[in-house]
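# Here is my input; please provide its structure:
(2 chains)
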Amino acid sequence: MKVAYWPGCVSRGFTPELHGSMAKVAPLLDIELIELDRAACCGAGVIQEHNQELADTLNARTFALAQQTDGELMMNICSTCQGAQSECQERLDANTEYRDHVNTHLLDEGLKYEKGITNKNFLWLLVEDFGLDELRSRVKRPLTDLRVGPFYGCYLVRPVERLGIDEEHPRDRYMQQLIEALGGTVVDYAGVYKCCGFPIITMNKEASLKQAGRHLGDAIDAEADCLVVPCPLCHLNLDLQQPIASKVVGRELGLPVLHLPQLIGLALGLSPKELGMNKHVVRPTAVIDWSTSVVAAA
Amino acid sequence: MPEYTLRIRRYDPQSGDAAYWEDHTVDMGPKQSVLDAILKIKDDTDGSIGIRCSCQQAICGSCGVRMNGKPGLACNTHLDEAADRAHGVGWNPEPDADAETDGEADGNVIAVEPMGNIPVIRDLIVDMDAVHWKKIQRVTPWLINKEPVPEREYIVPHENMVDVTQTMACIQCGACVSDCLSMEVDPGFIGPAALAKAYRFVGDPRDAEPEERLKDLAEDEHGIYDCTHCFSCIDACPKGVDPMSQIMRLRRRAGDDYKINDRNNGNRHERSFVTLIEDYGLLHEAELLPRSYGGDSWFGKFHPSAAVELLSSLPSAIPAVIRGKLSLKLAIFGHKIPKRDLKQVQEIYKEVDGREPRVELNLYVTGYEDEEQVPAHAPHDDEPDDHILDKEAQS
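Sure, this is the predicted structure:
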């Protein structure tokens, strides 16, 4: 399928391995990515905090650019983009007068946002559009014996109504379903739906890294081999900042944190290096013996 | 009638025993409330169960508890809804052996426990004075009169009162405090309920000291910039108060209306973020960090406090550079969207960001056009609907 693809800022900035691994994985899933390289930052909640109309306009512009492509829907690879854009979309879709008002700012460019865009995180698209059975059939290296802790990121699970999480769409269980479909073992631990602490890293570093450190510690206590995250900002606090988080919580950590497309790429037969896993601060290859546990039942 | 098992958390600190779970079974209709079930168990089997309750109409805010891990009022949570809350973020009845049900196949188990982040007095009763009310008192929860007090009534513009309607819906149940993820690691955080209350007065034009209030809350290291933006309080609130959005409004007022440059880097971070998107279209992370500490300009990174921060980041920055995660080129020059598009983004900034007053759409007030989208906490019929594009009240 063809999708209008919004990679976000950080997947092309401080976590380049996320955008890179998505580009590697997409063809293996017959997903054609039409990159929205003209679109601007989603605001990540910060522009929303500063000026709601500004954030809504920037995202209306992104949606309008996506609607100009022949993609079936818009896809992102960042929990924060999903949450921030869903918030703007909720306002834009709820009120014609407001939407028309925002659209006047896009007139110069000949752009217009039409109500009702479908914007899905890669995780949602995989489960709802691609299908886990289809994914299972394409697994070349089941993640046998790999114990994976899901870490969703706040923006992908709350608020439940805005994000369309309900009985028909148990989007808060998709990571668990996905890990199982790839042949891995789901590790349940206290931090699955909690906050990584990233939004306050510059305001209250200790509280921020206490959050990251605590969730990493809980996952280690539950004997996880690694975490998987659909959000590059969570990855920054959980991986990049892990050496400092370890000091804040006063315990050894050393838990690898994988981006969602990396975990899928491994199961689809790509090498850790192709997926950019050598770029992590906590090296996945140093902790997990990919040669045995991941390749086991190929 | 279906059978529900209420697994109630029992604890008496004076007994010296540890807390434990106790199962009670009730035959009740799925649309009866969790509080109905607890009161029936108290009447029929065990009168010693401690629960605080009064109105049973979701008005008094007394019976806040956690049901299958999610906070709420026991009196307005149906038994079937509570039972279904066993999994995920709480709303999915998918079977899962690892969840609270301890592998029991039937989904009719409801674990009822006291709210989080607040000490327990006994069983389901928490010490609201020790945390919740203390924090409410912290924000000066009353109107400070402007002098001179008018001889007749104050005349307040309608849009100003509409603006604070949402915070006034709070019934002080503490559900948002229970699930606040910042408070979990930082008990000093003033927290969602008290900060929502603070906006009720900051947004009220009759109040004499909105600026002093905002300075106080911005400068407090556990104040408005301690919120981690996790949305937990939004889902927890049984009244649709949306405390997190009220905290964001406080930040908007403090930073943009009163230009309060707090010592927690909150406003500098916001300003720098907004400016960087205007200059690049995309986030330039390597610039954001030092500017958040040193100030919103290219020179920000040369400020001493930025240098201190950069030094303390070395344990993570060095391995990231060595492994090729952070490229020096990106760190110095950042990444930009194409020139023509950047110009358009800057036009949008000019049109929207510089203009007064700000336009803000509050869906709690306006509701949704499309009825299919109406959430559970949609505004009531008696709420005004004539201010579709409420210009945000400026003090």
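
# Show the residue spans covered by the strands in chain A.
Assigned by DSSP state E, the strands in chain A fall at A:2-6, A:32-35, A:73-76, A:119-121, A:147-150, A:185-186, A:226-229, A:257-259.

# cool, the stretch 51-200 of chain B as well?
Assigned by DSSP state E, counting those that start in this stretch, the stretch 51-200 of chain B shows strands spanning B:64-67, B:70-73, B:109-113, B:120-122, B:125-126.

# starting at the chain centroid, how far to the fourth one?
The offset between the C-alpha centroid of strand B:120-122 and the centroid of the whole chain comes to 24 Å, using C-alpha atoms, centre = their mean, to the nearest Å.

# what do you get for stretch A:137-152?
16 Å.

# same check, this time on stretch B:35-50
The answer for stretch B:35-50 is 32 Å, by C-alpha atoms, centre = their mean.

# Report the buried residues of it.
For stretch B:35-50, the neighbour count (16 or more other C-beta atoms under 10 Å in any protein chain shown) marks B:35-41, B:49-50 as buried. C-beta here means a position set from N, CA and C on the backbone, and glycine is covered the same way.

# Check those and tell me the two furthest apart.
Pairwise distances across these (C-beta to C-beta) peak at 17.1 Å, for the pair B:36 and B:50.

# Make a markdown table from the strands of the stretch 51-200 of chain B and add mean neighbour count to it.
Shown next, in a markdown table, are the strands of the stretch 51-200 of chain B (neighbours: other C-beta atoms under 10 Å in any protein chain shown):
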| stretch | mean neighbour count |
| --- | --- |
| strand B:64-67 | 26 |
| strand B:70-73 | 26 |
| strand B:109-113 | 24 |
| strand B:120-122 | 19 |
| strand B:125-126 | 22 |
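
# quick one: which of those strands is nearest chain A?
For chain A, the closest of the strands of the stretch 51-200 of chain B is strand B:70-73, at 10.1 Å, according to C-beta to the nearest C-beta.

# Mind putting the strands of the stretch 51-200 of chain B into CSV with distance to chain A and mean pLDDT?
Below are these laid out as CSV (distance: least, C-beta to the nearest C-beta, whole Å; pLDDT from 0 to 100):
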stretch, distance to chain A, mean pLDDT
strand B:64-67, 14, 96
strand B:70-73, 10, 94
strand B:109-113, 15, 94
strand B:120-122, 19, 97
strand B:125-126, 20, 98
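
# Look up how far chain A lies from the residue nearest to residue B:38 when sequence neighbours are not counted.
Excluding its sequence neighbours, the residue lying closest to residue B:38 (C-beta to C-beta, 6 or more residues apart in numbering or on different chains) is residue B:51, at 5.5 Å. For residue B:51, the distance to chain A equals 26 Å [C-beta to the nearest C-beta, to the nearest Å].

# swap in residue B:237?
10 Å.

# hang on, that residue packs against residue B:243?
Yes: with contact defined as C-beta atoms under 8 Å, residue B:237 reaches residue B:243; the gap is 6.6 Å.

# okay, and the common contacts of these two?
Counting by C-beta atoms under 8 Å, 6 or more residues apart in numbering or on different chains, the residues touching both residue B:237 and residue B:243 are residue B:176.

# quick one on the thing from earlier: where helices are concerned, which of the buried residues of stretch B:35-50 count?
Judged by DSSP state H, those include B:35-41 as members of helices.

# I'd like those laid out as CSV, including distance to residue B:19 and pLDDT.
What follows is those, written out as CSV (distance: C-beta to C-beta, whole Å; pLDDT from 0 to 100):
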residue, distance to residue B:19, pLDDT
B:35, 21, 98
B:36, 24, 98
B:37, 20, 98
B:38, 17, 98
B:39, 22, 98
B:40, 23, 97
B:41, 18, 98
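
# Looking at those, spot the one nearest residue A:170.
residue B:37 (25.9 Å).

# So that closest one versus residue A:72, what's the distance?
Between residue B:37 and residue A:72 the computed distance is 47 Å (C-beta to C-beta, to the nearest Å).

# One more: residue B:301?
On the measure of C-beta to C-beta, residue B:301 and residue A:72 end up 43 Å apart.

# longest single helix anywhere in chain B?
Per DSSP H, chain B has its longest helix at helix B:266-280.

# Okay, now the unreliable bits of the stretch 1-150 of chain A?
Counting by pLDDT under 70, not a single residue of the stretch 1-150 of chain A qualifies.

# Which parts of it are helices?
A:16-25, A:46-50, A:52-68, A:79-94, A:96-104, A:122-125, A:132-138 (DSSP state H, counting those that start in this stretch).

# Is the last one in proximity to chain B?
In other words, helix A:132-138. No: judged by C-beta under 8 Å from any C-beta of the partner chain, helix A:132-138 makes no contact with chain B; its nearest approach is 13.6 Å.

# Name the residues that touch that helix?
Taking C-beta under 8 Å, 6+ apart as the rule, helix A:132-138 contacts A:28-29, A:126, A:177-178, A:181-182, A:264, A:268.

# Let me have the strands of chain A in TSV, adding distance to chain B and mean neighbour count as columns.
Formatted as TSV, these follow (distance: least, C-beta to the nearest C-beta, whole Å; neighbours: other C-beta atoms under 10 Å in any protein chain shown):
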stretch	distance to chain B	mean neighbour count
strand A:2-6	11	23
strand A:32-35	12	16
strand A:73-76	14	24
strand A:119-121	15	22
strand A:147-150	10	24
strand A:185-186	8	18
strand A:226-229	15	26
strand A:257-259	12	28
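
# need the contact list for the residue nearest to residue A:207 when sequence neighbours are not counted.
Among residues not flanking residue A:207 along the chain, residue B:186 sits closest, at 4.1 Å (C-beta to C-beta, 6+ apart). Going by C-beta under 8 Å, 6+ apart, residue B:186 touches A:204, A:206-207, A:210, B:222, B:226.

# Okay, residue B:186 and residue A:214: tell me how far apart.
Taken as C-beta to C-beta, the span from residue B:186 to residue A:214 is 12 Å.

# Tell me, what's the model's pLDDT at residue 166?
Chain wasn't specified; assuming chain A. Residue A:166 is assigned 87 on the pLDDT scale.

# switch to chain B, that's the one I care about
94.

# Skipping adjacent residues, who's closest to it in space?
Residue B:166's closest residue in space is residue B:364 (C-beta to C-beta, 6+ apart), at 4.7 Å.
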